[in-house]
Every structure is written in C-alpha cells, then in structure tokens.
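>>> okay, predicted coordinates and the sequence, questions at the end:
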Amino acid sequence: MPAITVAANTSGAQAWALTSGSAFKGHLEGLKIDNRSVNAEKIEGLDCFTTDPSKTNAAGAAQAAEDFQSIVGSGKVRFQVTVPANEFVSLGKEDLKEVNFLGTVYVRGSVTTSDCVVTVQYSIK
C-alpha cells in the first residue's frame, strides 16, 4: 500500500491525486502523526475537487459548481486530528474506514513546522 510522509504546513502538502470525475475513490488506510513541536498541531485531510453544476429547488434554478481546488481555503475537510505537543498519534484502517476522498488529497497543519511529520497510507479503488 502506498504511503507518503510530509511535514505539517499551513499551505497543505499533496498526499495523492485522483482525476476529477474519476470512478475511483481514495481510501485512508493509516495515519501517523509525530508531533515533536512545542505546540499542539491540528492536522486536516482536505479533499480538493470540482463538482458538476446541478439544479436546486422546485423551480429548477441552476446551482453553481462547487470548487474545492484551492487547497488553502476551500478543500472539503474529510478528517481532523489534534495532536498535543511532543505526542504521537497512530490511526489504523478500522479507525479510518469511513474516510474516503474523491479528488486530490492535501494534508494541512495549523502551524508550519518540520517538527511535526505526517505519514499517510492509502489505497485507490
């Protein structure tokens, strides 16, 4: 199973990518966060994709497409974990079985630091 390790940062770091409109989903299989920082770190998994425009309400008014391509502000948060200073958190497949992604996945931290390392294991099905 593929894995990627990134340092926490507020801009987000790409974990893996799926093509918008793909029939595949990304599944989070494991998550390890080693926070050796002196501050607590909130880690979020962002799902970045663009939906198709749709119709809404009885009159069929057009609804604009939602755009989750901007990783800093508009990715859909699929998971969030806060790790206290100098702590290690490990979540396995059973803990993450409901976490799925439709597009490009970014990991974003609340503070930019090389002292907090995030390892993401995933599968694409």
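Yep, that arrived.

>>> where does pLDDT dip in the protein?
For the chain, the stretches flagged by pLDDT under 70 are 19-23, 50-74.

>>> mind jotting down where the strands sit in it?
3-8, 13-16, 26-35, 41-48, 54-56, 61-63, 76-83, 87-91, 100-101, 104-109, 113-124 (DSSP state E).

>>> most tightly packed of those strands?
strand 104-109 (a mean of 24; mean count of other Cβ atoms under 10 Å). Quick note: C-beta positions are derived from backbone N, CA and C, even for glycine.

>>> okay, now the sheet partners of that one, with direction.
strand 13-16 (antiparallel), strand 41-48 (antiparallel) (DSSP bridges).

>>> distance to residue 85 added to these, as JSON lines?
Shown next, in JSON lines, are the strands paired with strand 104-109 (distance: least, Cβ to Cβ, whole Å):
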{"stretch": "strand 13-16", "distance to residue 85": "21"}
{"stretch": "strand 41-48", "distance to residue 85": "8"}
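
>>> close enough to count as contact, residue 4 and residue 17?
No - proximity of residue 4 to residue 17 does not meet the contact threshold set by Cβ atoms under 8 Å, at 11.1 Å.

>>> now do the same contact list for the spatially most central residue of the chain.
The residue lying closest to the centre of the chain (Cα atoms, centre = their mean) is residue 45, at 2.0 Å. Neighbouring residues of residue 45 by Cβ atoms under 8 Å, 6 or more residues apart in numbering: 15, 28, 77-80, 99, 101, 105-107, 120.
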